[in-house]
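Asks: Pasting a predicted model and its sequence here:
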Amino acid sequence: MATLTAHRRFQRLAILAFVFIIITYLLLDRVPRHGRQPASEYVRSSFDWANRRQKHAILESTMVHLPDGIIRDLPRIQHEFSKDEPNEAHNKTQRQRQEAVRNATRKSWDSYREYAWGSDELAPLTLVGKESFSGWGATLVDSLDTLWIMGLKKEFAEAVDMVATIDWDNSTATSCSLFETNIRYLGGLLATYDLSQEEVLLQKAVELGNMLYAAFDTPNHFPANAFDFEDARDGRLVADKREASAAVGSLSLEFTRLSQITGDPKYYSVIDNIKTALERTQDTTTLPGMWPTYIDLRNGFLVTEGSYSLGAMSDSAYEYLSKMFALLGGLDPTYEKLHIKAMETVKKHLLFRPMLPDIYPAVSPDILFSGTALSNGPTVELWPDVQHLGCFAGGMFALGGRMFHREDHVTIGEQLARGCAWAYDAFPTGVMPEVSRIVPCETADLAPCNWNESRGRKDEDLPKPFSGVQDAQYLLRPEAIESVFILYRITGKRDLLDTAWRMFNSIVKATETKFAYSAISNVQAGGGTSKINSMESFWIAETLKYFYLIFSEPDVISLDEYVFNTEAHPLKLPKAAKR
Ligand SMILES: *[C@@H]1O[C@H](CO)[C@@H](O)[C@H](O)[C@H]1NC(C)=O
Ligand SMILES: *[C@@H]1O[C@H](CO)[C@@H](O)[C@H](O)[C@H]1NC(C)=O
Ligand SMILES: *[C@@H]1O[C@H](CO)[C@@H](O)[C@H](O)[C@H]1NC(C)=O
Ligand SMILES: *[C@@H]1O[C@H](CO)[C@@H](O)[C@H](O)[C@H]1NC(C)=O
């Protein structure tokens, strides 16, 4: 081995040091420091929706402004974790579980980045990109705040660079869904802007907000959910005669936040009009207090149909009521009234207690489910059909219960959240199906009942008391863990953490593929026999985020500082003057 003279050694060291400094400088420059990395290059969309001439313009004079006044100090939502006994073992378990969730997220993200970069979804079995939401990159935008919250900074910076180039006027389809575009894209951009203050995300949110605002350029200013780009440009949209209540009722949080951030009242104004219609019709339906799953918007918000649920097509219309109250700083009492009335009707007509079999007698769990009510006015019939989508209801009851001093609703929320978690445990994969039917108790006031073999014995292959499975799939959905997460933050009950961990491991076991995670066709069948080539953007946006947050310190995205939109994007709440 040759030895160097002192002089040459010094020279080499100097060169090495110089190279090291340059590399460090270059590397540091690319890693965001407190979100202040060099700004991503903003590429403007090709059509300027802000200056599009409106056909049915809303006059400046009739525009409704955000309520002003002194922000109300809302009741504390979260359990006071700081008063709990410090516990080293608990902290250690939390950190380990959190890391496992972060690993699953990184695996999902890395494969999306590798095989489907810029596409809406990764097809997890064939490893190709899939365009299901206009091709703007649904997973890309939907995952932004998850990456931020998990501290995946390199991934975040790269994603923001890509988002900065999205052209909303270059779609893979001729139309988009106002609802889906609002909750996934607009919600994702606004929440991530709230967290990171990345200017380009706000620029993209405003562009998109201005585009979606055109959905309200209809003869009666109710929105057209089927957003045909050509028709929208030409002012030819009309609201539907049969629109899902969720589609019209779940725009309020995002549009309100956009008005709050930009100071432009137009977004808020159009959704306040929907609130007025909800208020006007709430007591006039065949199930007063609730709105039917489908509403006739074209003819002025007619509510004549007779089917009601907290599941598909209506879910987030209810979810957004109490959250709007919070986002407006408690300054619009209408939302409290709408929420409480709706929840009382849900309690009376949709909730039911399952008839639990004698294999659970020792400590029969205190659980409830939410079904579907059919009403023609005089008679109301309960269909005890349980949708995974409806599992968010536990969180909704508990959150509103805390907010409006209704601890009885917090209790119902816990019973519902524990119901869905129990249904996970009931199936061989440890995951509950998309839609199933459960034999209910026939007691009054949701009281428990004894097992009755002649009512309960229906299908030998199903766990008791399930009497049918209409849709056996699990699509990587978040609603069950969402409610368990909210209940943990509200009650501080630590057994919910073990419940969440059990759910996480069951989901991973049933859905993990070599490169990512996939929906499964049947929660009954064990093993890897039933994978479906689908991983929708809500897997990273919602399911993994809620799992991560339940294992995080409770001040990470505190429920006293944020409300989640229905795609798990946390929007910042206004602060009362002194808190
Ligand atoms: C556990 O974590 C909490 C929250 O960070 C902290 O207040 C507490 O002191 C920790 N306890 C122990 C024993 O480490
Ligand atoms: C997470 O991934 C890292 C790196 O692959 C690994 O070392 C660690 O053990 C994983 N943690 C858990 C909890 O799975
Ligand atoms: C539209 O987007 C696709 C990718 O989704 C891209 O390949 C194409 O060049 C874009 N077209 C225009 C006109 O920008
Ligand atoms: C059990 O259910 C059957 C059929 O619905 C009913 O006739 C019977 O009265 C029930 N038994 C009890 C003890 O409630």
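Replies: Received the coordinates, thanks. Ligands and ions are numbered 1, 2, ... in the order given.

Asks: Secondary structure class of P448, three-state.
Replies: Counting by DSSP: H, G, I helix; E, B strand; the rest coil, the backbone at P448 sits in coil.

Asks: can you check the one 10 residues further on too?
Replies: Of the three states, K458 takes coil under three-state DSSP.

Asks: What's the local residue count around the residue in the stretch 451-579 of the chain that ligand 3 sits nearest to?
Replies: Nearest residue of the stretch 451-579 of the chain to ligand 3 (CB to the nearest ligand atom) works out as S537 at 15.8 Å. The way it works is simple: take the backbone N, C-alpha and C, and place the C-beta from them, glycine included. As a burial measure, S537 scores 26 neighbours (other CB atoms under 10 Å).

Asks: Next: S82.
Replies: So S82, with other CB under 10 Å, has 8 neighbours.

Asks: my guess is it is in a helix, correct?
Replies: Yes - judged by three-state DSSP, S82 forms part of a helix.

Asks: Residues of the protein that sit close to ligand 4?
Replies: Neighbours of ligand 4 within the chain, by CB under 6 Å from any ligand atom: 452, 454-455.

Asks: Contacts only, for the residue of the stretch 451-579 of the chain closest to ligand 3.
Replies: Counting by CB atoms under 8 Å, 6 or more residues apart in numbering, S537 makes contact with 120-121, 133, 138-139, 142-143, 184.

Asks: follow-up on the earlier one: where neighbours are concerned, which of the residues of the chain next to ligand 4 has the most?
Replies: Result: R455 is most packed of these (other CB under 10 Å), 15 neighbours.

Asks: Ligand 1 contacts on this structure?
Replies: 86-88, 91, 553.

Asks: Can you get me a residue count around whichever residue of the stretch 101-250 of the chain sits closest to ligand 4?
Replies: Closest residue of the stretch 101-250 of the chain to ligand 4, CB to the nearest ligand atom: S245 (34.1 Å). S245 has 25 neighbours, counted by other CB under 10 Å.

Asks: Likewise for H405?
Replies: Neighbour count of H405, defined by other CB under 10 Å: 9.

Asks: phi, psi of it?
Replies: phi 60, psi 40 (degrees, to the nearest 10).

Asks: ok so, going back, let's see which of the contacts of S537 end up in helices.
Replies: 138-139, 142 (DSSP state H).

Asks: how about those in CSV, adding distance to T411, pLDDT and neighbour count?
Replies: Putting the ones in helices among the contacts of S537 into CSV (distance: CB to CB, whole Å; pLDDT from 0 to 100; neighbours: other CB atoms under 10 Å) gives the following:
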residue, distance to T411, pLDDT, neighbour count
A138, 37, 98, 25
T139, 37, 98, 32
D142, 33, 98, 30
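
Asks: re earlier: using TSV, please lay out the residues of the chain next to ligand 1 together with pLDDT.
Replies: Compiled in TSV, the residues of the chain next to ligand 1 are given as follows (pLDDT from 0 to 100):
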residue	pLDDT
P86	91
N87	95
E88	96
N91	96
E553	97
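
Asks: from these, which ones fall inside helices?
Replies: Using DSSP H, 88, 91 are the members of those that sit in helices.

Asks: want to throw the residues of the chain next to ligand 1 into JSON lines with distance to D234?
Replies: Below are the residues of the chain next to ligand 1 laid out as JSON lines (distance: CB to CB, whole Å):
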{"residue": "P86", "distance to D234": "63"}
{"residue": "N87", "distance to D234": "63"}
{"residue": "E88", "distance to D234": "65"}
{"residue": "N91", "distance to D234": "59"}
{"residue": "E553", "distance to D234": "51"}
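
Asks: Tell me which two of the residues of the chain next to ligand 1 sit farthest apart.
Replies: E88 and E553 (14.6 Å; CB to CB).

Asks: Pick out whichever of those two has more residues nearby.
Replies: Just comparing E88 and E553: by other CB under 10 Å the higher neighbour count belongs to E553, 12 against 7.

Asks: Compute the distance between that one and F179, please.
Replies: Distance, E553 to F179, by CB to CB, to the nearest Å: 33 Å.

Asks: ditto for Y112
Replies: Relative to F179, and taking CB to CB, Y112 is found at 23 Å.

Asks: which residues of the chain score low on pLDDT?
Replies: Residues of the chain that meet the criterion pLDDT under 70 lie in 1-38, 358-363, 526-529, 576-579.

Asks: try it again with 80
Replies: Low-confidence segments of the chain (pLDDT under 80): 1-39, 59-60, 358-364, 457-460, 526-529, 576-579.

Asks: Run through the residues of it sitting next to ligand 3.
Replies: Contacts of the chain with ligand 3, taken as CB under 6 Å from any ligand atom, map to 135, 167, 170.

Asks: excluding its backbone neighbours, what's nearest the last one?
Replies: The one in question is N170. Nearest in space to N170, with sequence neighbours left out and distances taken as CB to CB, 6 or more residues apart in numbering, is S46 at 6.8 Å.

Asks: Show me the strands in the stretch 51-200 of the chain, by range?
Replies: 121-123, 128-130, 175-177 (DSSP state E, counting those that start in this stretch).

Asks: dump the residue contacts of the residue of the stretch 101-250 of the chain closest to ligand 4.
Replies: Contacts here follow CB under 8 Å, 6+ apart; on that basis S245 touches 291-295, 313-314, 317.

Asks: can you tell me which of those residues are in helices?
Replies: Using DSSP H, the contacts of S245 in helices are A317.

Asks: Most neighbours among the contacts of S245, please name it.
Replies: I295 (30 neighbours).

Asks: partners of that residue in the sheet?
Replies: Applying DSSP bridges to I295 yields these beta-bridge partners: E243.

Asks: I'd say it and Y308 touch.
Replies: No - using CB atoms under 8 Å, I295 makes no contact with Y308, being 11.7 Å away.

Asks: that's a helix at E542, yeah?
Replies: Yes - assigned with three-state DSSP, E542 falls within a helix.

Asks: pretty sure it is touching P570, no?
Replies: No - the criterion here is CB under 8 Å, and E542 misses it with P570 at 11.3 Å.

Asks: List the contacts of the residue of the stretch 301-450 of the chain at minimum distance from ligand 4.
Replies: The nearest approach of the stretch 301-450 of the chain to ligand 4 comes at N450, 7.2 Å away (CB to the nearest ligand atom). The contact partners of N450, by CB under 8 Å, 6+ apart, come to M355.

Asks: likewise the one 10 residues further on?
Replies: Contacts for E460 (CB under 8 Å, 6+ apart) come out as none.

Asks: still on that earlier bit, sitting in helices, which of the residues of the chain next to ligand 3 do you find?
Replies: Per DSSP H, these never map to helices.

Asks: Looking at the residues you listed, spot the one nearest ligand 3.
Replies: N170 (3.6 Å).

Asks: Can you get me a residue count around A50?
Replies: Neighbours around A50, by other CB under 10 Å: 12.

Asks: picking up where we left off before, phi, psi for the residue of the stretch 451-579 of the chain closest to ligand 3 please.
Replies: Here is the backbone geometry of S537 (degrees, to the nearest 10): phi -60, psi -20.

Asks: Pull up the gap between the residue nearest to the spatial centre of the chain and F156, please.
Replies: Closest residue to the average C-alpha location of the chain: E567 at 2.3 Å, with CA atoms, centre = their mean. Distance, E567 to F156, by CB to CB: 18 Å.

Asks: ok, and which of the contacts of S245 reach ligand 2?
Replies: Near ligand 2, taking CB under 6 Å from any ligand atom as the test, no member of the contacts of S245 is found.

Asks: May I see the contacts of S245 organised as a markdown table, with distance to R418 added?
Replies: Compiled in a markdown table, the contacts of S245 are given as follows (distance: CB to CB, whole Å):
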| residue | distance to R418 |
| --- | --- |
| W291 | 27 |
| P292 | 29 |
| T293 | 26 |
| Y294 | 31 |
| I295 | 32 |
| M313 | 25 |
| S314 | 23 |
| A317 | 24 |
